[in-house]
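Peer 1: Provide a 3D model corresponding to the input given below.
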Amino acid sequence: MNAHLQSQYELAVSGYLKQWSVVQLIISHGFAGSSTNEKIDWFTTAAVPQIFYENGHLYPDDIEYYLSHILFHEFDTVVEDGSLAETSRKLIELYELYRNGNVQLLQDQVNLFNQVARQRQEPGIVQSMNAMQISPELAETSNTSTNHNQLDQNINTTTQEWNDNDESNDGWQVVRSRKKKDR
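Peer 2: This is a model prediction of the structure:
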């Protein structure tokens, strides 16, 4: 395979993994300590592509095993939100594009992942987070009881988000899906 094709494949894998909520959680909480960014770069640009280079055709269960093994041993993270299966299937899809020599579709995937990453960095996210904070001007011009109700609502929302991703007593972070499952 040519170097450009391999480069596009590795960029697509890296781009996809870096937008995965598990990887974002690892980065935001520094699960690998001071070397979190270096380990994430290794995981997304070297380790995962190498799994495919060394093993060729793999099944989703195989990829899930490799990913969970790396996440557990390198980042002390156990994924229980069901995203491992989806991620494994997407990684296999990307590898098939690479194996079939489809540079253009890999480039399209890289562009899509870059676009998603840029959208996540839009100032709208920061503005919506800042809107949850009460500014001094708002406190002076608004009804105090309204501010307290808004503050209570924000605290309840924050508490709920914290409880959804709480850390158990043994130091492990459990990643859960926010979707309600029908049983």
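Peer 1: rest of the way, CA atoms for contacts and neighbours
Peer 2: Will do.
Peer 1: the protein: strands as residue ranges?
Peer 2: Along the chain, counting by DSSP state E, strands occupy 77-79, 173-175.
Peer 1: can you tell me which of those the model trusts least?
Peer 2: Note on the strands of the chain: lowest mean pLDDT is at strand 173-175, with a mean of 74.
Peer 1: show me what that strand is packed against.
Peer 2: With contacts taken as 3 or more Cα pairs under 8 Å, 6 or more residues apart in numbering; DSSP states H and E, strand 173-175 sits against strand 77-79.
Peer 1: so what are the sheet partners of the strand it packs on and their directions?
Peer 2: Strand 77-79 sits in its sheet next to strand 173-175 (parallel), going by DSSP bridges.
Peer 1: in a markdown table: the strands of the chain, plus distance to residue 101.
Peer 2: Shown next, in a markdown table, are the strands of the chain (distance: least, Cα to Cα, whole Å):
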| stretch | distance to residue 101 |
| --- | --- |
| strand 77-79 | 32 |
| strand 173-175 | 35 |
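Peer 1: now tabulate these in CSV and tack on distance to residue 37 and mean neighbour count.
Peer 2: Below are these laid out as CSV (distance: least, Cα to Cα, whole Å; neighbours: other Cα atoms under 10 Å):
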stretch, distance to residue 37, mean neighbour count
strand 77-79, 15, 19
strand 173-175, 18, 19
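Peer 1: may I ask which helix or strand of this structure has the lowest mean pLDDT?
Peer 2: In the chain, the helix or strand scored least confidently by mean pLDDT, DSSP states H and E is helix 136-141, which has a mean of 39.
Peer 1: any idea how far residue 26 is from residue 46?
Peer 2: Going from residue 26 to residue 46 by Cα to Cα, to the nearest Å gives 17 Å.
Peer 1: which one of these two is surrounded by more residues?
Peer 2: residue 26 (20 against 15; other Cα atoms under 10 Å).
Peer 1: in contact with the more buried one, which residues?
Peer 2: Residue 26 makes contact with 32, 36, 75, 77 under the criterion Cα atoms under 8 Å, 6 or more residues apart in numbering.
Peer 1: apply 10 Å and report the result again.
Peer 2: 32-33, 36-37, 40, 71, 75-77, 173 (Cα atoms under 10 Å, 6 or more residues apart in numbering).
Peer 1: please save the CA atoms from stretch 116-124 in CSV.
Peer 2: Below are the C-alpha coordinates for stretch 116-124, written out as CSV (Å, rounded to 0.1, in the frame of the first residue of the first chain):
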residue,chain,number,x,y,z
VAL,A,116,-17.2,17.5,13.8
ALA,A,117,-14.1,18.4,15.9
ARG,A,118,-14.3,22.1,14.8
GLN,A,119,-18.1,22.2,15.6
ARG,A,120,-17.3,21.0,19.1
GLN,A,121,-14.9,23.9,19.6
GLU,A,122,-17.5,26.5,18.5
PRO,A,123,-18.0,29.4,20.9
GLY,A,124,-21.7,28.4,21.2
